[in-house]
Structures are given as structure tokens and as C-alpha cells.
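Q: let me see the structure of the following:
(chains A, B, C and D)
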Protein chains: 2
Amino acid sequence: MPDTLLTLSHLQSKSLREHIVDVLHEAILCGDLSPGQPLIETDLAAQLGVSRAPLREAIQILNSEGLVETIPRRGTRVSTLERKDIVELYSLRGVLEALAIRCIIDQSDPCDLRRLEAISERMLRAANQGNLRKVNELDHSFHDTLIAMSGHSLLQTTWNLVALRVRRVMTLRNMRNDDIRLVAYSHLPILDAIRDRDGERATSAIEAHVATGGDLVAEDWEVGAMPAPLQRQES
Amino acid sequence: MPDTLLTLSHLQSKSLREHIVDVLHEAILCGDLSPGQPLIETDLAAQLGVSRAPLREAIQILNSEGLVETIPRRGTRVSTLERKDIVELYSLRGVLEALAIRCIIDQSDPCDLRRLEAISERMLRAANQGNLRKVNELDHSFHDTLIAMSGHSLLQTTWNLVALRVRRVMTLRNMRNDDIRLVAYSHLPILDAIRDRDGERATSAIEAHVATGGDLVAEDWEVGAMPAPLQRQES
DNA sequence: TGGCGGCTGGCTGTCGACAATCGACTGGCG
DNA sequence: CGCCAGTCGATTGTCGACAGCCAGCCGCCA
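A: Numbering: from 1, shown residues only, chains lettered A, B, ... in the order given. Alright, predicted model coming up:
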């Protein structure tokens, strides 16, 4: 039972700091910690049942990831998300995924697209059933898989940073059902182009796909996306 | 005298942690800390005259930047640079700079290219004089300026990570003089294309430029770039 | 009444010390 | 002679405490 071994080795190698990073990731991505909300080290440490040392180390990591912003001697708060950030995020995402696709196509051995195709099929089903949450989940794993298949490790680490922000944006923003279907179906031309090893077409397809998603998300962003006034949240 | 104010606010806002990050950056980029060399917290802290707490926070940052690699409960060492890393670095760099150029061209107001032109001119002079160090320096500021002019803040932060690695690579690798001149002159077509607002041509030019640099650097990388055997450095 | 200066509480930055873990060495056993 | 278990040193992970700084409040003075 390798599962037990994996679990054990996972637990063993997971320092308190990494646990805290995971918890804070979850909290920020799920919106439990809203944009602009201050992070008081003393309170957080007490709440998590740890001391401030590993918490501060975790905060440095989140800071490097751009999920929080620290002003020296003034404190740390969850970073905000303006409309400009969305636009920038999706434009960067576009070129990263385009690079991934070029890497995939350039690989000498004809790559195995079945994983991507399987994800895409499931996504289409979920979209037709209006299962918004599942479509999102599958969309993420589609793009994560795409990056992973590129075999480009620096691209992978860069993508991880971008993907964090994308996930965060998606939880703050729920799309309409017909948009969901639109997004789901726009994966197909990408797969086709990769299958044909047509770099030009694949790049256009992925950029169009990402741009569409970005437009849908950025549209009317200010309206529903400022849940946190820049004031203290606690009474 | 705003300079004084800037200096003061700079000093005031610089925590010990950031000082340590700066020092370690310098040490790694200059090669004082060679790839593979272990970082012993106790020793480093004593050497820097600080305690381990801010040092550990700094190490988390370097870790996020990819300059060091930490194995839980095993320690931290300066990350190594394989040939594959160089290739990946320059391929990512290419698409990032291409994105920057597209942003610059798309800007509504005709951008001010004089800064870039000035840097380029000085670089040509330095190249013709064989001043290798100055060419490198100016090359960095050319590309940094290019990214800054894009006004794309997420691209900027992503670039900062990439630029760190590029600088590191360049210090480990000294080019030949004729190559230097080649690199310096290949900035001109980029400027021309931006001036003409020809996105297609500018993108090709920057990708060619970066690819050339990458090839020159990656060429025979293994030969001179493994200064650190995976053993202790100190006696 | 409005602006300025000192005070205070809370928070961050830093430190030294303890506990837990890993690798290497040594000794014993098959 | 080779392999395994036990031990020890070194290094990391974590903690509680102290010091310094900043913001906001209060009182004083013009």
C-alpha cells in the first residue's frame, strides 16, 4: 500500500511552516481572508496554535507569491485585486501557455494527449450539466496538465505563481452558465492544433481562449469584487 | 533635497531581513557562494552578526526566488545551474520580453524611446572598446528598462525573478569579445521595430536576440560551470 | 476651537534557548 | 569480512520573551 507510505512521508516532511502556508493559501483562495484584510501575527499565531516564528516564515513565502503585501513595521495585509491586475494576469498567462504549447509540439516524441482529451471531455459534460464548480476544477487541471506536459521546469514554477492568482480570481468571480459552456468548448481547437503539431494555430487558439476568459472575468470587475473596504474587519 | 529624504526613508524601511537578502543576493550573484554550497544557518548568522530568525526569513525569500533549494530537516544549499536551466531560462525570457514589447507598442501615447536608445548607444561604444563588464551592465539595464516601460506590474515581478537568474548566469559565464559586439548590435533591430510600432518584427527581433544570447551562454556550459563539487567548501 | 506635542497600547522585529531529527561513526553479530 | 543496530554530534524547527517603532488618543496651548 504505497498510499500509506506516501501519506506518512508526506506528513513527516511537512514542516509547520508549510502547513501554515497551505492553510493561508486555502484561506486566501477561498476568500476566508478577504483582500485588504490585515494579518496580525499575534492573533493568527494564536488562532493556528503555533508560534510567530514559522508563521512569519510562511508570510515571507506568501509575500513572494504576491498573495499578501507587507509594509515594514506596519504590518501585512491580503493583497487587493484591481481590474488592471486581472488584465495583466491573463495577458501573462496567455504567453506562458503559448510557450508551453510550443514546447509540447517541439518535443521529439509525439506527446500523449489522452490526459488532456479526457479532461476536456469531462469538462464538456460538466458544462452541459451546468456544473459550474466542476468545470472550474477541470479547467484548472487542464491548464496545469498543459504546463506540466511542457517539461519546462522554470515555466512550471512561474506558472505556479500565476495559477495561484487565477484560482483566487475565479473564486471571487462566478461566471454565467452560457459563458461556462463557451469556455469549455474553446479548449477543443487547442487540442486539435496540438494534435496537428501546428504551433501557429495552437498559439492563436490558446491566446484566444485565455483572452476570452480574461475578458469574461474582467468585465464589470469592480462591481462585485471589492468585498473588503480598507478598514479593520474585526470589531 | 529629496535625495536625503529618499535615503532616509530607505534606511528606515530596511529591516534586517532585507539586508540579509541583499547580502545573500550579492554573494550568490557574484559567485562568493557557489552552486551547491550548503548554507549552515548557525554559521551564516554568526558570520553576518544576526540571529537565525531574520536569516531564516531571508532564506525563505531566496527559496521562493529559486536561488537556493531547501530540503526539509536537511538543510539549504545554493541551487545549481544545469544546461537545461539555461535553455529554459532564455526561452522564458524571450516570451516575457516579447510581451513587454507588445505592451509598449500597444500603449496609446507614443512611448519615449530615448532612454533605450541612449543605453544602446553607450553599449555599442563599450562593445567596440571591448569593455565587457560595461556591456553586461548596460545590457541588463536595457532589458530592465524595456520591461519597466511596459507598465505591466505582474510582468515586472515575474521579470525580476528571471533577471536574477540571468545575472547569475552571466557572472558564471564570460563571453568572447566578438560575441559581445554581436549581442550589442542586435539591440538595434529591436529599437527600430518598436519605433515603427511593428509588433511582429519587434517580437521576432527580441526572440532572435535572446535566443542568440542563450545559445552563446549555453554553448559548452558544462565545461566551466561546475565550480562546486557537492562537498563542504570550508575546511 | 484648531493645531501641536507627548503619551500609551499594540504590533512588529529580533534574539537566545530548547527540542527534534538526520547523518555519520562505532561496535557487535552473523 | 560484511551488515545491522546503537550512539553521538551537528543542524534544523520551534518557542517564548524583550525591545523598538508606529498609530491613535489625549491634553495643552495659541
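Q: contacts only, for the residue nearest to residue A:70 when sequence neighbours are not counted.
A: Leaving aside its sequence neighbours, residue A:70 sits nearest to residue A:76 (CB to CB, 6 or more residues apart in numbering or on different chains; 4.4 Å). Backbone N, C-alpha and C define where each C-beta goes, glycine included. Residue A:76 sits next to A:38-39, A:41, A:59, A:63, A:68-70 when contact means CB atoms under 8 Å, 6 or more residues apart in numbering or on different chains.
Q: show me these that map onto strands.
A: Secondary structure from DSSP state E places A:38-39, A:68-70 of the contacts of residue A:76 in strands.
Q: could I get these in a markdown table, plus columns for pLDDT?
A: Shown next, in a markdown table, are those (pLDDT from 0 to 100):
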| residue | pLDDT |
| --- | --- |
| A:38 | 97 |
| A:39 | 98 |
| A:68 | 98 |
| A:69 | 97 |
| A:70 | 96 |
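Q: low pLDDT regions in chain A?
A: Residue ranges of chain A with pLDDT under 70: A:1-13, A:222-235.
Q: residue in it nearest to chain B?
A: Nearest to chain B, among the residues of chain A, is residue A:64, at 3.4 Å (CB to the nearest CB).
Q: which ones are touching the closest residue to that residue other than its chain neighbours?
A: For residue A:64, ignoring the flanking residues on the chain, the nearest one in space by CB to CB, 6+ apart is residue B:64 at 3.4 Å. The neighbours of residue B:64, taking CB under 8 Å, 6+ apart as the test, are A:60-61, A:64-65.
Q: need the next SSE after the longest helix seen in chain A, C-terminal direction.
A: When chain A is parsed with DSSP state H, its longest helix is helix A:83-106. As assigned by DSSP states H and E, the chain's next helix or strand after helix A:83-106 is helix A:114-128.
Q: touching whichever helix or strand comes after that next one from outside, list them.
A: Going down the chain from helix A:114-128, the next helix or strand is helix A:132-149, by DSSP H and E. Helix A:132-149 has contacts (CB under 8 Å, 6+ apart) with A:96-97, A:100-101, A:104, A:111, A:115-116, A:119-120, A:122-123, A:126-127, A:155-156, A:159, A:163, A:166-167, A:170, A:174-175, A:177, A:180, A:183-184, A:187.
Q: spatially, what comes nearest to residue A:107 if we skip its sequence neighbours?
A: According to CB to CB, 6+ apart, the nearest residue to residue A:107 is residue A:151 (7.1 Å).
Q: swap that for residue A:91, sorry
A: What sits nearest to residue A:91 in space, not counting adjacent residues and going by CB to CB, 6+ apart, is residue B:99, at 6.7 Å.
Q: against residue B:147, how distant is the one you found?
A: From residue B:99 over to residue B:147 the distance is 9 Å, taken as CB to CB, to the nearest Å.
Q: between the two, which contacts overlap?
A: Common neighbours of residue B:99 and residue B:147 (CB under 8 Å, 6+ apart) are residue B:155.
Q: of the contacts of residue B:64 - the most surrounded one?
A: Using other CB atoms under 10 Å in any protein chain shown as the neighbour test, the contacts of residue B:64 are led by residue A:60, with 25 neighbours.
Q: in ChimeraX, select just the buried ones from the contacts of helix A:132-149.
A: One line in ChimeraX is enough to select the buried ones among the contacts of helix A:132-149; burial here means 16 or more other CB atoms under 10 Å in any protein chain shown:
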select /A:96,97,100,101,104,111,116,119,120,122,123,126,127,155,156,159,163,166,167,170,175,180,183,184,187
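Q: contacts with chain B among the contacts of helix A:132-149, please.
A: A:96, A:155 (CB under 8 Å from any CB of the partner chain).
Q: my read is residue A:76 is in a strand, agree?
A: Yes: under DSSP: H, G, I helix; E, B strand; the rest coil, residue A:76 sits within a strand.
Q: for it, name its beta-bridge partners.
A: residue A:39, residue A:70 (DSSP bridges).
Q: write out the residues of chain A neighbouring DNA strand D.
A: Within chain A, the positions near DNA strand D by CB under 7 Å from any atom of the strand are A:15-17, A:50-54, A:73-74.
Q: what separates the residue of chain A found nearest DNA strand C from residue B:52, distance-wise?
A: Residue nearest to DNA strand C within chain A (CB to the nearest atom of the strand): residue A:41, separated by 3.4 Å. Going from residue A:41 to residue B:52 by CB to CB gives 18 Å.
Q: what is the neighbour count of residue A:178?
A: Neighbours around residue A:178, by other CB under 10 Å: 10.
Q: now it: how far from DNA strand D?
A: Per CB to the nearest atom of the strand, to the nearest Å, residue A:178 is found 46 Å from DNA strand D.
Q: and the residue most central in space within chain A, what is it in contact with?
A: The centroid of chain A falls nearest to residue A:163 when counting by CA atoms, centre = their mean (2.7 Å). Neighbour list for residue A:163: A:140, A:143-144 [criterion: CB under 8 Å, 6+ apart].
Q: now it: which helix or strand?
A: helix A:153-172.
Q: next SSE after that helix?
A: helix A:177-185.
Q: name the residues that touch that following helix?
A: Residues from elsewhere that reach helix A:177-185 (CB under 8 Å, 6+ apart): A:120, A:123-124, A:126-128, A:130, A:132, A:135, A:139, A:175, A:209, A:212-213, A:216.
Q: for the residues you listed, work out which two are farthest apart.
A: A:130 and A:209 (20.5 Å; CB to CB).
Q: residues of chain A that sit close to chain B?
A: By the rule CB under 8 Å from any CB, the part of chain A lying against chain B is A:13-15, A:17-18, A:53, A:56-57, A:60-61, A:63-66, A:72-73, A:84-85, A:88-89, A:91-92, A:95-96, A:98-99, A:103, A:152-155, A:157-158, A:161, A:165.
Q: ok now stretch A:51-63, how far from the chain's centre?
A: 21 Å (CA atoms, centre = their mean, to the nearest Å).
Q: output that stretch as CSV - backbone C-alpha positions only.
A: In CSV, the C-alpha atoms belonging to stretch A:51-63 read as follows (Å, rounded to 0.1, in the frame of the first residue of the first chain):
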residue,chain,number,x,y,z
SER,A,51,4.4,30.5,17.5
ARG,A,52,5.2,33.5,15.4
ALA,A,53,8.5,32.3,14.0
PRO,A,54,7.1,29.7,11.5
LEU,A,55,4.2,32.0,10.8
ARG,A,56,6.5,34.8,9.9
GLU,A,57,8.4,32.5,7.6
ALA,A,58,5.2,31.5,5.9
ILE,A,59,4.2,35.1,5.5
GLN,A,60,7.5,35.7,3.7
ILE,A,61,6.6,33.0,1.2
LEU,A,62,3.1,34.4,0.7
ASN,A,63,4.7,37.7,0.1
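Q: all set, thanks.
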